[in-house]
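Peer 1: let's see this in three dimensions:
(chains A and B)
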Number of protein chains: 2
Amino acid sequence: MSDVSRLDAQMAFLTEACRLKSVIRANTLCDGSRYENSAEHSWHLALYALILGEHAPDGVDPARVIRMLILHDLVEIDAGDTPIYAQADRAAVAAAEQAAADRIFGLLPADQAADLRALWDEFETAQSPDARFAKALDRFQPPNQNLASDGISWRDHNATLDKVETRVGTPITRGAPALWDWIAPKIRDWFARNG
Amino acid sequence: MSDVSRLDAQMAFLTEACRLKSVIRANTLCDGSRYENSAEHSWHLALYALILGEHAPDGVDPARVIRMLILHDLVEIDAGDTPIYAQADRAAVAAAEQAAADRIFGLLPADQAADLRALWDEFETAQSPDARFAKALDRFQPPNQNLASDGISWRDHNATLDKVETRVGTPITRGAPALWDWIAPKIRDWFARNG
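Peer 2: The predicted structure follows:
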């Protein structure tokens, strides 16, 4: 593949990626002014990784985690965002995301498609320290925005402390225990006042 | 500084950073549906760097460029976005951005504030190969979105081919000549049809 046709393929992918800015998530911005989209969420998570890398367990490579987080939600262009407190057919969501990954990464030159698809698969399966840290950050950012906005998304979804501990606390503890230790008392305090 | 007070400072910075999602830029999304904000723009640029690193001149470190691009617009939280085709007092903008950098990076623990401020200063002065490549991507993304949306932001600002060649072509050629070679014929064709 010539340099020009590689660039044609890469630019088709980058223009398609623009659509992630129109995928709306269940949580709001910190000031509660509107719901967040998945592109700005992905930027915020990359910044979380850049700032909080020192709190990752040994063996985590922050630069790889940043690459993972930049890519992690691209499949939502086709599959949409599935809120963690919503009732959902998780197997159907996973199948839709796999098909989306085939199509979207498939826009890239084959070597690059294979590399980035492997990085996304690693994120999804959450078995490596890098992927577990990336998943922990993906779960850690929304409750911070919920605390800042006085719980808009928790109220929207009738979230309970028990659900937050299970769906958010468990993956954060698995990938970044120091971050759960920091936020858990704040979440418990919010639910004690509002539960 | 204890781990907990480092985290307090880092989380204050990350919550403040959320405001970048409310800074509106002069160009629209690719589909023209609305104007882009600086947070989703920063995400898209980080993705550009991840995908297009192979077209960078020798000596460029894509991982450093990605970190630079994640940070590059944070000063706009205080200083706002200055469209490249607008009339503006560039010295006043630069002073406002320096004051913003003092305040915003100053929220972080001192060692981290110094490291990230140095990375942002390097981006701003655009003297290193990494910074020149990062600046080139920052100029390369908007014309791609303009071409996709049939020139909304060019029409808004009465841009001319001459202005685009000067304000966009020059920094792209300086930091990523292969990307200017790729897009220049497309831009010239658009202005030939619409100029």
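
Peer 1: which strands and helices sit next to the longest helix along chain A?
Peer 2: The longest helix of chain A (DSSP state H) is helix A:129-148. Counting contacts by 3 or more CB pairs under 8 Å, 6 or more residues apart in numbering or on different chains; DSSP states H and E, helix A:129-148 is packed against strand A:24-28, helix A:38-52, helix A:62-71, helix A:110-125, helix A:152-156, helix A:170-175, helix A:177-194, helix B:3-17. To be clear about C-beta, it is placed using only N, CA and C from the backbone, and glycine gets the same treatment.

Peer 1: contacting residues for A:Ala100?
Peer 2: A:Leu74, A:Val75, A:Glu76, A:Ile77, A:Asp78, A:Ala79 (CB atoms under 8 Å, 6 or more residues apart in numbering or on different chains).

Peer 1: list of residues touching stretch A:111-127?
Peer 2: With contacts defined as CB under 8 Å, 6+ apart, stretch A:111-127 is touched by A:10, A:64, A:67-68, A:71-72, A:74-75, A:97, A:101, A:105-108, A:128, A:130-132, A:134-135, A:171, A:174-175, B:50-51.

Peer 1: please work out which of the helices and strands packed on helix A:129-148 is packed deepest.
Peer 2: Counting by mean count of other CB atoms under 10 Å in any protein chain shown, helix A:38-52 has the highest mean neighbour count of the helices and strands packed on helix A:129-148, with a mean of 26.

Peer 1: pull the CA atoms of it into CSV?
Peer 2: C-alpha atoms of helix A:38-52 as CSV (Å, rounded to 0.1, in the frame of the first residue of the first chain):
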residue,chain,number,x,y,z
SER,A,38,-18.2,9.7,24.5
ALA,A,39,-15.5,11.7,22.7
GLU,A,40,-15.0,14.2,25.5
HIS,A,41,-15.3,11.4,28.0
SER,A,42,-12.5,9.6,26.2
TRP,A,43,-10.4,12.8,26.4
HIS,A,44,-11.1,13.2,30.1
LEU,A,45,-10.1,9.6,30.7
ALA,A,46,-6.8,10.0,28.8
LEU,A,47,-6.1,13.0,31.0
TYR,A,48,-7.0,10.9,34.1
ALA,A,49,-4.4,8.3,33.0
LEU,A,50,-1.8,11.0,32.4
ILE,A,51,-2.3,12.5,35.8
LEU,A,52,-3.0,9.4,37.9
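
Peer 1: what's the average pLDDT for that helix?
Peer 2: Averaging pLDDT along helix A:38-52 yields 98.

Peer 1: check the offset of it from the chain's centre.
Peer 2: 9 Å (CA atoms, centre = their mean, to the nearest Å).

Peer 1: repeat for stretch A:153-160
Peer 2: Its chain's C-alpha centre and that of stretch A:153-160 lie 19 Å apart, by CA atoms, centre = their mean.

Peer 1: end to end, how far does that stretch reach?
Peer 2: The first and final residues of stretch A:153-160 sit 12 Å from each other (CA to CA, to the nearest Å).

Peer 1: kindly report the same for stretch A:52-65.
Peer 2: This stretch, stretch A:52-65, spans 11 Å end to end (CA to CA).

Peer 1: contacts for it, please.
Peer 2: A:49-50, A:119, A:129-130, A:133-134, A:137, A:175-179, B:3, B:6-7, B:10, B:14, B:63, B:66.

Peer 1: I'd like the distance between A:Pro83 and A:Gly169.
Peer 2: Per CB to CB, to the nearest Å, A:Pro83 is found 17 Å from A:Gly169.

Peer 1: the two: who's more crowded?
Peer 2: Legend: neighbour count by other CB atoms under 10 Å in any protein chain shown for A:Pro83 and A:Gly169, higher for A:Gly169 (19 against 15).
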